[in-house]
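Just need the structure, nothing else, for what follows:
(2 chains)
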Amino acid sequence: MSANTQFPLCQLPIGATGRVCHLAGDDSFCQRVREMGFGEAALVTKISGTTTSLCLVNGTRIALNHSAAMSIVVEPIPVLGQVSGLREKR
Amino acid sequence: MKLPSHITSTARRRAESASDRTPIYAMVGNPNSGKTTLFNALTGLRQKVGNYPGVTVEKKIGTTWSQHGKPIQVIDLPGAYSLAARSPDEAVLRDVLFGRREDTPQPDRIICVVDAANLERNLYLVHQILDLGRPVIVALNMMDMAAAAGLKVDAAALERALGVPVIPCEAVHGKGLVGLRLAMSRVELPLARHRWDVPAAVAPAVAELQASLTDNEGRAPLVARAEALLLLTDFDTVRVAGSRPLSARTHEILGNWRQRWESAGTDWAATLIRSRYDSIGGLCQDVVVRTREQGPSRSDRIDAVLCHSFWGWVVFGAIMTALLFSIFSLAEGPMDWIESQTTALKGLVNGAMAAGDLRALLTEGIIGGVGPIIKFLPQILILFFFVGLLENTGYMARAAFIMDRPMSKVGLNGRSFIPLLGSYACAIPGIMATRTIENAKDRLVTILVAPLMSCSARLPVYLLMIATLLPGDAVSAGKKAGLMLLMYALGTFGAFGFAWLFKRTLFKSAPPHMIMELPPYQPPRLREILRQMLGRAWLFLKNAGTIILAISIVLWALTTYPKHPDPAATPTEQIAHSFAGQAGHLLEPVIKPLGFDWRIGIGLITSFAAREVFVSSMGVIFGVAGADENPTPLRDALRAARWPDGAPLFTPLVCLVLMIYYVFAMQCMSTVAVVKRETNSWRWPLFQIFYMTGTAWLFCFVVYQMGRSLGY
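Numbers count the residues shown, from 1 in each chain, chains lettered A, B, ... in the order given. A predicted model of the protein is given here:
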């Protein structure tokens, strides 16, 4: 996907799902975000919020303030398929 | 072969002491994994709550029993997402597990509490702990919530994959405790068989650090490897008092590798985290099955209202109003009762003992000093009950989420809100509540500004000054309430203003990043809330009560000695002759530009014990008994007070200035003591006294001089 479809998480529309492309904050913040399973390639669904965002990552609701949401760059994906790390029951 | 008796007896003694020694389990887990609920379920009331020396992290140790009736000690360590510490709480967890703390023995075994509904993220910490090569039991908690979320977690498959016991449980409902206790009773626990591949490029750095940690820090090889991996991902590590520092050689090796990676532009820390998650992802593929697609959960539906841009604020406002109303109204009765008991106790001592210094020390110094602090206990209990209720149900994280936007205007984040709100009741619990703030600078700024929120100890001073300023029934209650509200607003704006200033000067940093997990909503567990409330209240009494007792005795001595040469001297003459009286005279040149004389100066000095002491000091100085109970005669005495030239002392302007002084000045030794404890230094409480009292003087000077020039 081209770089111009990437934008900060705060700009992801409510209800949309995106994939984390890269983290732009300081080392400490990036590491914490990755350790919480919110690192590159994680799928994130925006539940609500514009300045303070409420998101769903791997089944966990996570709140981020504006500066944190600005530091997480995502690319939108059309439909949420398979949740990372889990297999569907046949 | 028969061994010599001294060898067999030593071996026997060692074996006996090892089996007799109470095994120590550490309980670890992510925040919101139900770790503390499980700890409470296992240990019941057999808990000791204290602090790790040198840091203000709560240390909870409990005792449970093995299936053979032998005691087992359990340490409830603070919740963390990773062993890479970002806050003092997480640093304590890391240091206890690595055996870096002098004050806490390294645990023999570790219980990892895991939220089954968020297995992948929770396994990250477990994965790091398994690297330590120590016996581990995984408590797969919240199995009911996982099922409700449409997840089927195969505990047996996870046990096979990890090689350590995995016990499914629901701590809230007491399910799985027998299985956990049985696993804890096992003489031998298997070591983890799960291994993961460290990226090849990082392996030399791990090997070199591991060797240094083994040689220079005396670590066991597996612990050294785990610590080496941690050090390589731990760029902004938190060190806390009481932790053993790393050796110079290890520091040097670490520095060299970081430099090498930085110049190569490679982010190996991210690579290491990714490798772990890849390994965890593989595990989850085998043990978690999604049985159905998850629709909106109950928590999602509640959040749709409570985190709504409009309704969220309405609910938040209602909850905060109920909290403040409870603190100020429900506590009134018990506070009056405590006050009456204090007075009765004073009367009892007065009746039982002959007049003299010892009696005065007991009644005025000890009972009179500690009584005002115990009086605030009902408010503290109510505040902690509400805080416990909000935490327990999961709303607290939402409150921080909602308040984040207004708090960000002054450079803080939503987590600072609850401590500031709590400070309306008393700054001490408010400051203690800052422990949850991850960012050290934000936490310090919150501690520094919290005492500016008008606490309930300021109320008696405000009431007396308003009664003196606006006397009689002719003045409407609305005007009086308006003036009171003005003082509260002044304190609140002051706190936010100083937070804004500090964040742009002393604690300059990029806008804080707040990232916070919102736990699922749960029905409140009253027992847990009450236990937490009582534990915190006891800590409050212990911390503040002991220090205030010592300083009360000192203040009493300062107002009692030296004795007036005339034995028939009135209390007013005695206090004027005392060290405090002399200090009041010495202070007069400094406070005269604010319109205060030496008698008000004595009140300012004595009320450093607690702000409301100002009222009783004025009672003593102006010869009015029982000033605390009935302010009316004191009000008249104050209105009659004169300067030596006959001018009235307590003009409306002076009353207003005095209230402003109490809004801003740091007049509370308990708060000073608690700030010292929380910041582990005298630097910040001294700075706080300087900036708050300095602001109070400056503000009062401007208002008084302007008022005078306008003819008031």
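
tell me the mean pLDDT over whatever helix or strand B:Val675 lives in?
Per DSSP states H and E, B:Val675 falls inside helix B:669-679. Per-residue pLDDT over helix B:669-679 has a mean of 84.

Go ahead and measure how far that helix is from the middle of the chain.
In terms of Cα atoms, centre = their mean, to the nearest Å, the centre of helix B:669-679 is found 11 Å from the chain centre.

Next, work out how far apart the residue nearest to B:Trp196 when sequence neighbours are not counted and chain A are.
The shortest distance from B:Trp196 to any non-neighbouring residue, by Cβ to Cβ, 6 or more residues apart in numbering or on different chains, is to B:Ser279 (3.9 Å). Every C-beta, even on glycine, is put in place using the N, C-alpha and C of the backbone. With distances taken as Cβ to the nearest Cβ, to the nearest Å, B:Ser279 is found 11 Å from chain A.

I'd like the average pLDDT over the helix or strand hosting B:Ala26.
In the assignment (DSSP H and E), B:Ala26 maps to strand B:24-29. Per-residue pLDDT values over strand B:24-29 give a mean of 93.

got the contact list for it?
Contact with strand B:24-29 is made by B:35, B:38-39, B:72-77, B:79-80, B:93, B:96-97, B:105, B:107-115, B:122, B:125, B:129, B:141, B:184, as judged by Cβ atoms under 8 Å, 6 or more residues apart in numbering or on different chains.

mind redoing it with 6 Å?
B:35, B:39, B:73-77, B:105, B:107-113 (Cβ atoms under 6 Å, 6 or more residues apart in numbering or on different chains).

from those residues, which is closest to B:Ile167?
Ranked by distance to B:Ile167 (Cβ to Cβ), these are led by B:Ile111 at 9.0 Å.

Mind listing the residues bridging to that closest one?
B:Met27, B:Ile137 (DSSP bridges).

and the angle from the one helix or strand B:Ala550 maps to to helix B:669-679?
For B:Ala550, the host element (DSSP H and E) is helix B:526-560. On the basis of axes from the mean of the first three to the mean of the last three Cα atoms, to 10 degrees, helix B:526-560 is oriented at 120 degrees to helix B:669-679.

After helix B:526-560, which helix or strand is next? Please name it.
Next along from helix B:526-560, by DSSP H and E: helix B:571-577.

can you list the residues that contact the helix or strand following that following helix?
Moving toward the C-terminus from helix B:571-577, the first helix or strand encountered (DSSP H and E) is helix B:579-591. Applying Cβ under 6 Å, 6+ apart, the contact partners of helix B:579-591 are B:558-559, B:575, B:598, B:601-602, B:605.

How many neighbouring residues does the nearest residue to B:Val126 once chain neighbours are set aside have?
Excluding its sequence neighbours, the residue lying closest to B:Val126 (Cβ to Cβ, 6+ apart) is B:Cys112, at 4.6 Å. B:Cys112: 28 surrounding residues under other Cβ atoms under 10 Å in any protein chain shown.

quick one, what contacts B:Cys112?
Here B:Cys112 is in contact with B:28, B:126, B:129, B:136, B:138 (Cβ under 6 Å, 6+ apart).

Phi and psi next, for residue 71.
If you meant another chain, say so; for now it's chain A. Torsion angles at A:Ser71 (phi, psi; degrees, to the nearest 10) stand at phi -90, psi 0.

oops, chain B please
Per-residue torsions, B:Pro71: phi -70, psi 150 (degrees, to the nearest 10).

With B:Glu217 instead?
With angles defined as degrees, to the nearest 10, B:Glu217 sits at phi -100, psi -10.

That one and B:Leu246, how far apart?
Counting by Cβ to Cβ, to the nearest Å, the separation of B:Glu217 from B:Leu246 is 7 Å.

And for B:Arg109?
According to Cβ to Cβ, B:Arg109 and B:Leu246 sit 26 Å apart.

what do you get for B:Leu254?
Separation of B:Leu254 from B:Leu246 (Cβ to Cβ): 8 Å.

same question, B:Arg193
Counting by Cβ to Cβ, the gap from B:Arg193 to B:Leu246 is 30 Å.

quick revisit: what about B:Arg109 and B:Leu246, which has more around it?
Applying other Cβ under 10 Å to B:Arg109 and B:Leu246 shows that B:Leu246 carries more neighbours, namely 21 against 18.

and that one, backbone torsions?
In terms of degrees, to the nearest 10, the main-chain angles of B:Leu246 are phi -80, psi 160.

Just give me the residue right at the centre of the chain.
No chain specified, so I'll use chain A. A:Val44 (3.7 Å; Cα atoms, centre = their mean).

My question was about chain B, not that one.
The centroid of chain B falls nearest to B:Met432 when counting by Cα atoms, centre = their mean (2.6 Å).
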